[in-house]
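*Asks:* Return atomic coordinates for the entry below.
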Amino acid sequence: MQRIYTIYIVTNKNNTVLYTGITSNLKKRIYEHKEKLVGGFTKKYNVYKLVYYEVFEDVKSAISREKQIKAGSRKKKTKLINTMNPNWKDLYEEL
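*Replies:* Numbers count the residues shown, from 1 in each chain. Below you'll find the predicted structure:
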């Protein structure tokens with residue numbers, strides 16, 4: 001069975017904070033953010049709204065892409081989100 005890896009960006013209600021992560025189960029991971037089951041940055045800054053994601057079959061490619069996105073400026077992340085989700089709606093329900 002092939003594993004799928006997802007790079008994702010979540011934000012808060014006012015889209016002022018961006019968090020980039022990686023997971024092998026996107027729906028479960030976003031649920032954890034929404035319910036604040038995970039401590040740390042996302043819980044502290046109330047980051048729960050899924051606004052962008054990319055899917056990979058290879059974990060090395062996924063990790064490399066996550067690092068690339070994290071190293072980018074907020075402007076680059078905003079541009080990336082706008083290509084997939086110009087209205088910054090919560091994509092969680094579409095998973």
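
*Asks:* From here on, just use CA atoms for contacts and neighbour counts.
*Replies:* Will do.

*Asks:* Show me what the helix or strand that contains R65 is packed against.
*Replies:* Per DSSP states H and E, R65 falls inside helix 59-71. Helices and strands touching helix 59-71, as assessed by 3 or more Cα pairs under 8 Å, 6 or more residues apart in numbering; DSSP states H and E, comprise strand 5-11, strand 18-23.

*Asks:* Can you list phi and psi of the closest residue to L80 other than its chain neighbours for me?
*Replies:* In space, and not counting its chain neighbours, L80 is closest to Y52: 7.9 Å by Cα to Cα, 6 or more residues apart in numbering. Main-chain torsions, Y52, degrees, to the nearest 10: phi -160, psi 150.

*Asks:* one step back: any idea which of the helices and strands packed on helix 59-71 is most buried?
*Replies:* strand 5-11 (a mean of 22; mean count of other Cα atoms under 10 Å).

*Asks:* Backbone dihedrals for the residue nearest to I69 when sequence neighbours are not counted, please?
*Replies:* Nearest in space to I69, with sequence neighbours left out and distances taken as Cα to Cα, 6+ apart, is K77 at 7.0 Å. Per-residue torsions, K77: phi -70, psi -40 (degrees, to the nearest 10).

*Asks:* where in this protein is pLDDT low?
*Replies:* Residues of the chain meeting the criterion pLDDT under 70: none.
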